[in-house]
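A.B. asks: model the following, please.
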Amino acid sequence: MNTRVSVAELFSRDEIRELTEPSDSQGGWAVASTWAVIGATFAGVALSWQYLPGWGKLLVCAAVLAILAGRQLALAILMHDASHNSLFKNKWLNDHIVDWACAKPIWNDLHKYRTHHMRHHAKTFTVDDPDMSLVTGYPTTKKSLARKFLRDISGITGLKFSLGRVLMDAEVLRWTVANDKIWLPREGRQWHDYPRTLLKNSRGAIITNAALFGALWAAGHPKLYLLWPLAYLTPFPLFIRIRSMAEHAGMENSNSALTNTRTTKAGWIARAFVAPIRVNYHMEHHLMASVPYFKLPKMHQLLRERGYAPEPPTYRQVMSLLSKKSGKIDGNQAVIQKS
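C.D. replies: Residues are numbered from 1 along each chain as shown. Have a look, this model is predicted:
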């Protein structure tokens, strides 16, 4: 098992100070631009829908669902960065603006996520890692991976996740990201406690989604809101799966981020759908979680120059690798062991 590497061995004090300096303007741009794309997507559908033939509407609908799901993942990554207090310098912006502008619209909670996610960083790739179920079972066969992807894109995974979220908000299940079934004690609870608790924990998602629906209603296109939950149920789980696989699946069982976490090369298509907000620089993030998203490429370049980070694989290479029972890839020391 590899020993954990100290960042002080990799970077000077001045480099660490410079790399970990967040920016309110960069954080604000990331949030604003994500919502700008969402707004432009809805506007594009509203303006073009009446002029399209039937087959054109189907193609546009598929593209819109993918774009919206990619931006839903971007909102999740913004929440993730704020949980590390690296998105904004200002703690209030990290804790409150991001919770309401990014987490709650996708039925999440920044503060619950932060507690959960800190355990993932402290226990990465151990039995106590709360996200282990997201990356176990790889490598697998091509048929198995295809079945997983089909369940995602057909909405089966999304519906199961949504049911799990209802049970978590009702405090029947313990809150997790991975949707693991950890039942909470029910002694002393009455039947009416469950809907009351559900409403209390879900009200942020209800309020923010009502606001989105209201904005579309005011623009004269309330039906377009249906694209938002549909994207959440279909492409969104697929994009989450691909992102999770790329980050940790098939990596070495070690306590070093250099070998238990993978950085992946992301072109513009990957950045649009599965790797927004520089989340593909995941090895760098695990080495120093306080580095804001816009400085991760510089950190990666420094590691490359010093021989700590080889050429990363592409998402296509990682998916191909993880759909085999054995094999290895040079990029990012992504050694795959037999399962």
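
A.B. asks: any idea of the pLDDT on residue 50?
C.D. replies: Confidence at residue 50, expressed as pLDDT, is 82.

A.B. asks: please read the previous query as pertaining to residue 335.
C.D. replies: As predicted, residue 335 sits at a pLDDT of 43.

A.B. asks: ok, now residue 229?
C.D. replies: Listed pLDDT for residue 229 reads 98.

A.B. asks: go on, residue 182?
C.D. replies: At residue 182 the predicted local confidence, pLDDT, stands at 89.

A.B. asks: so residue 232 touches residue 158, yeah?
C.D. replies: Yes: if you go by C-beta atoms under 8 Å, residue 232 and residue 158 touch, sitting 6.4 Å apart. C-beta here means a position set from N, CA and C on the backbone, and glycine is covered the same way.

A.B. asks: hey, where'd the strands end up in the stretch 1-150 of the chain?
C.D. replies: Under the criterion DSSP state E, counting those that start in this stretch, strands are not mapped anywhere in the stretch 1-150 of the chain.

A.B. asks: point out where it drops to low pLDDT.
C.D. replies: 1-4 (pLDDT under 70).

A.B. asks: buried residues of the helix or strand harbouring residue 211, list them for me.
C.D. replies: Assigned by DSSP states H and E, residue 211 belongs to helix 193-218. Judged by neighbour count (16 or more other C-beta atoms under 10 Å), helix 193-218 contains these buried residues: 194, 198, 201, 202, 204, 205, 208, 209, 212, 216.

A.B. asks: swap in stretch 102-121?
C.D. replies: Neighbour-count burial for stretch 102-121 flags 102-110, 112-114, 116-117, 120 (criterion: 16+ other C-beta under 10 Å).

A.B. asks: farthest-separated two in these?
C.D. replies: In those, the most distant members under the criterion C-beta to C-beta are 105 and 120, with 22.6 Å between them.

A.B. asks: spatially nearest residue to residue 120 (excluding sequence neighbours)?
C.D. replies: Once flanking residues are discounted, residue 120 sits nearest to residue 131: 4.8 Å by C-beta to C-beta, 6 or more residues apart in numbering.

A.B. asks: next, count neighbours for that neighbour.
C.D. replies: When counting by other C-beta atoms under 10 Å, one arrives at 22 neighbours for residue 131.
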